[in-house]
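Enquirer: Next comes the sequence, and after it the predicted model I'd like to discuss.
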Amino acid sequence: MLKLTEHKYPQQALKSTEFLSAQKLYLPLTQHIGKEAKVCVEKNQIVEKNQIIAESSGLISAALHAPMKAKVLDIKKYPHITLQKTETIILEALPEKESKVSSEPAQLNQASKESILEKIADKGIVGMGGAGFPTHVKLNPPKKIDTLIINGCECEPYLASDCRLMAENLIEIFKGIEVIFKLTSPRRVIFAIEDNKTEAIKNLNLVTHTKKFSFPAPEIKILKSRYPQGGEKQLIYSLTKNKISCQMLPCDSGCLVFNVATCFAVYEAFYYNRPLIKRLVTFCGDALAEPKNLWVNLGTSLRELADKKVIEFRHTPKRIIFGGPMMGVAALNLDCSILKTTGGILFLKDSPRQLKEEESACIGCAQCVDNCPINLMPLEYAKLVKNKAYTDLEDFYIKDCIECGCCSYVCPSRIPLLDYIKLGKTKLK
């Protein structure tokens, strides 16, 4: 694993604020891994806050809800961060009366496992630290779970939303863990966090020593800051020494991993019946006048945030990246919107060095092999893709690649190894 320059300050120390008043929201039906949601509203229809606007369309799918009272302005193809364009529900905000009715929180000890899973599914909760796997499916594993791992690593440079969530909402995260514990009944709980999150670690020690929950006190594992330690497979290996191949699920090793933001969303869904309609996002990078950690509604576009000066630019960004610089996806412009899986957005005044330099011949240094966390041979993938020998890629276990980008990062010849790997996987499909 790599020790990267973290670039996490000052945003890691900045308290969160919110912007929940976007005039238009752009909500793609694809917000998660699996089948896209199925539209259940019509153009010009008035929808209420929290109303389902797209239903789950299968087991591996998740519902989508209206973040505010709004009019359905249109349902059409619109820019998407990974799909270029996809079917999107466009909402226009309507005046909304503030509700002062406060509901009593649900009681965990009175709830059945079936009712909890149904509620989490109804509220559209997905994994918020990765590909967005539907949480209700993950919470119903086919095998007995020995170890529940709570992932607070946030190993990508620049990103700080998970860190701020742990600093500001740790008790709520723990209440979400209670719900997950009841559903999975593990033998032990491990809370993993990297050593660069001092405020969150302080809070974690305080909460575990002063608060009582309905699950055993978690083992706090403070790990050295390394990349890609926050990846599911790497974290399981770091904590248990169990290796997960591409043919295996984490539950095959007796482990389940949940990101802290997912735990918070589970808490909101179960205790207060709140669907996943907003999330905490880090806005950072040297093109911004100042970084921010913002609670924003799903569907909020970067363009509206910029037009309303919620975020301001010191320099015109040459690169906009959803996620971190290693595994993030580049946006073509400001029209893209916040998704369930958006933990941070990076605005850079210049392209990363490896994108500016031309590829040169391999010098045989083997740094790509030495730094691969899965012990693969990235250069072989580049050779095979260049020769269009796509079927041979499986002989080198390309499906085990987690696309962390370590190989491209360390390559002195600036060979875009990750690009070749992604192309190879696409061709294999």
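Expert: That came through, no problem. Numbering: from 1, shown residues only.
Enquirer: Any idea how many residues pack against A389?
Expert: For A389, the neighbour count with other C-beta atoms under 10 Å is 13. In short, each C-beta sits where N, CA and C put it, glycine included.
Enquirer: Distance check, it against P416.
Expert: Separation of A389 from P416 (C-beta to C-beta, to the nearest Å): 18 Å.
Enquirer: F313 against A287, yeah?
Expert: Yes. Using C-beta atoms under 8 Å, F313 makes contact with A287 at a distance of 5.6 Å.
Enquirer: Mind listing what's buried along the top helix by length along the chain?
Expert: The single longest helix within the chain, with elements called by DSSP state H, is helix 170-184. For helix 170-184, the neighbour count (16 or more other C-beta atoms under 10 Å) marks 170, 172-184 as buried.
Enquirer: can I get these in TSV with pLDDT and distance to V257?
Expert: Formatted as TSV, these follow (pLDDT from 0 to 100; distance: C-beta to C-beta, whole Å):
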residue	pLDDT	distance to V257
L170	97	18
E172	97	19
I173	97	14
F174	97	17
K175	97	19
G176	97	14
I177	97	12
E178	96	17
V179	97	16
I180	97	11
F181	97	14
K182	96	18
L183	96	15
T184	96	11
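Enquirer: of those residues, closest to K143?
Expert: Using C-beta to C-beta, T184 comes nearest to K143 of those, at 10.5 Å.
Enquirer: Am I right that the closest one is in contact with P142?
Expert: No. T184 is beyond contact range of P142, at 11.9 Å (criterion: C-beta under 8 Å).
Enquirer: the helices in the chain, which residues?
Expert: Taking DSSP H as the test, the helices found in the chain are 113-122, 135-138, 161-168, 170-184, 198-210, 232-240, 260-272, 302-307, 353-356, 367-370, 378-386, 406-410, 417-428.
Enquirer: which stretches of the stretch 251-400 of the chain aren't confidently modelled?
Expert: Applying pLDDT under 70 to the stretch 251-400 of the chain picks out residues 351-357.
Enquirer: Strands of that one, residue ranges please.
Expert: For the stretch 251-400 of the chain, the strands defined by DSSP state E, counting those that start in this stretch occupy 255-259, 278-284, 292-297, 319-322, 329-331, 344-348.
Enquirer: Among those strands, which comes closest to F396?
Expert: Closest among the strands of the stretch 251-400 of the chain, using C-beta to C-beta: strand 329-331, at 24.7 Å.
Enquirer: For P218, which residues are in contact?
Expert: 150, 177, 188-191, 208 (C-beta atoms under 8 Å, 6 or more residues apart in numbering).
Enquirer: one more time with 7 Å
Expert: Contact analysis of P218 by C-beta atoms under 7 Å, 6 or more residues apart in numbering lists 150, 189-191, 208.
Enquirer: how much space between the residue lying farthest from the centre of the chain and K278?
Expert: Ranked by distance from the centre of the chain (C-alpha atoms, centre = their mean), the top residue is I363, with 35.6 Å. Taking C-beta to C-beta as the measure, I363 falls 48 Å from K278.
Enquirer: hmm, back to that, take the helices of the chain and lay them out in a markdown table including distance to Q23.
Expert: Converted to a markdown table, the helices of the chain look like this (distance: least, C-beta to C-beta, whole Å):
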| stretch | distance to Q23 |
| --- | --- |
| helix 113-122 | 28 |
| helix 135-138 | 30 |
| helix 161-168 | 24 |
| helix 170-184 | 29 |
| helix 198-210 | 34 |
| helix 232-240 | 37 |
| helix 260-272 | 25 |
| helix 302-307 | 7 |
| helix 353-356 | 34 |
| helix 367-370 | 47 |
| helix 378-386 | 44 |
| helix 406-410 | 39 |
| helix 417-428 | 36 |
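Enquirer: If V281 is in a bridge, with which residues?
Expert: L294 (DSSP bridges).
Enquirer: Next, count neighbours for it.
Expert: Neighbours around V281, by other C-beta under 10 Å: 25.
Enquirer: what's near enough to touch it?
Expert: 161, 294, 296, 338, 342-345.
Enquirer: Start and end of stretch 346-365, how far apart?
Expert: 31 Å (C-alpha to C-alpha, to the nearest Å).
Enquirer: Please renumber the chain so that the first residue is 436 from this point on.
Expert: Fine by me, first position is 436 from now on; the one you just mentioned is stretch 781-800.
Enquirer: Once you drop chain neighbours, what's closest to N586?
Expert: In space, and not counting its chain neighbours, N586 is closest to N694: 5.0 Å by C-beta to C-beta, 6 or more residues apart in numbering.
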